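Visitor: Would you be able to build a 3D model of this:
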Amino acid sequence: MNKNTKVNAAILIIGNEILSGRTQDTNTSTLGTWLNSIGVKVEEVRIIPDIEKAIIDTLNLLRTNYDYVFTTGGIGPTHDDITAESVSKAFGLKYEIHKEAYKILEAYYKSGEFNEGRQKMVWMPKNANLILNPTSGAPGFNVENVFCLPGVPSILKSMLGGLKNDIVGGESILSHTINLRTVESEIASSLTKVQNKNKDVEIGSYPFFQAGKLGVSIVIRSEDQNKINICNSQILDFVKNKKIKIVEKN
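Guide: Residues are numbered from 1 along each chain as shown. Got it, this is the predicted structure:
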């Protein structure tokens, strides 16, 4: 892939605790922000339970439709951590002890602490590439275009730096935000006109509530700063004509 190629990705969040609402998903935001910064556009996010068939079927669909798939969750030491075995089955690979991962965790834990539960974390698809974990030792892994990361947000975040050389992105996706003291209905038709004139630029509007007052954030996104500048100018023109106040958003 070269820098002019548009590169996309899907994120697959695996875990009953996310679906039940017991745990809040922050990994989508972390991964999406990081991938955008290296020129990979996240086009789909799915959240599925810890059920083998759901993982296999969803993974096989996503990995054929996207350049990259990132899974989070289900690679820990407990009985419901079934992501690694499910990925093995999705690719038709043997599920076995990864010798390098075994050495890493054997060295990481004190004598006697590398018990059967923790040893479960070194079972992976045959010949998987390791994603090193600087926080808690247990590595993630990747097979072809699928990258499997832990569900714990702080650990996932710490592992992204080690992935940068493995992900080939396109042009970095740039963004610019204008915060307005208005409501969406007041700017909808004007914003639509700007979008229609700039079809290859992504323009989104997002309501916010701050200091007891409503507002709207307009976010302009493109790989081309010049195109962002043109849209920004066109938006500011109608904002001025409508006498809408621009505000700083905390």
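Visitor: make it CA atoms for all contacts and neighbour counts henceforth
Guide: Noted.
Visitor: This protein: strands as residue ranges?
Guide: Under the criterion DSSP state E, the chain contains strands at 7-14, 40-48, 68-72, 95-97, 123-125, 129-131, 140-143, 146-149, 174-181, 202-210, 213-222, 245-246.
Visitor: The shortest one - contacts with which helices or strands?
Guide: The criterion is 3 or more C-alpha pairs under 8 Å, 6 or more residues apart in numbering; DSSP states H and E, and the helices and strands that strand 245-246 contacts are strand 174-181.
Visitor: Out of the helices and strands in the chain, which is least certain?
Guide: Lowest on mean pLDDT, DSSP states H and E among the helices and strands of the chain sits helix 116-119, with a mean of 88.
Visitor: so what secondary structure elements neighbour it?
Guide: For helix 116-119, not one helix or strand is in contact under the criterion 3+ C-alpha pairs under 8 Å, 6+ apart.
Visitor: Stretch 177-187: which residues count as buried?
Guide: Of the residues in stretch 177-187, those with enough neighbours to count as buried (16 or more other C-alpha atoms under 10 Å) are Ile178, Asn179, Leu180, Arg181, Thr182, Val183, Glu184, Ile187.
Visitor: Let me see the mean pLDDT of it.
Guide: Along stretch 177-187, the predicted confidence averages to a pLDDT of 93.
Visitor: Stretch 156-170 too?
Guide: When pLDDT is averaged over stretch 156-170, the result is 87.
Visitor: what's the offset of that stretch from the middle of its chain?
Guide: Relative to the centre of its chain, stretch 156-170 is centred 11 Å away, using C-alpha atoms, centre = their mean, to the nearest Å.
Visitor: Return the set of buried residues in that stretch.
Guide: Neighbour counts over stretch 156-170 (16+ other C-alpha under 10 Å) mark Leu156, Lys157, Met159, Leu160, Ile167, Val168, Gly169, Gly170 as buried.
Visitor: Can you get me the start-to-end distance on it?
Guide: By C-alpha to C-alpha, to the nearest Å, the extent of stretch 156-170 from end to end equals 23 Å.
Visitor: Could you do stretch 138-147 as well?
Guide: 15 Å.
Visitor: Show me which residues of that stretch are buried.
Guide: Buried residues in stretch 138-147, defined by neighbour count with 16+ other C-alpha under 10 Å: Ala138, Pro139, Gly140, Phe141, Asn142, Val143, Val146, Phe147.
Visitor: Starting from Phe114, give me the distance back to the second one.
Guide: Counting by C-alpha to C-alpha, the gap between Pro139 and Phe114 amounts to 14 Å.
Visitor: go on, the third one?
Guide: When distances are taken as C-alpha to C-alpha, Gly140 and Phe114 turn out to be 17 Å apart.
Visitor: For the longest helix seen in the chain, give the mean pLDDT please.
Guide: The helix that spans the most residues within the chain, counting by DSSP state H, is helix 225-241. Confidence for helix 225-241, expressed as mean pLDDT, is 95.
Visitor: any weak-confidence spans in this structure?
Guide: By pLDDT under 70, the low-scoring segments of the chain are 1-5, 250.
Visitor: Walk me through the domains of it.
Guide: Taking automatic domain parsing as the domain assignment, the record places the domains of the chain at 7-166, 174-246.
Visitor: Deepest in the core, which of these is it.
Guide: domain 7-166 (a mean of 18; mean count of other C-alpha atoms under 10 Å).
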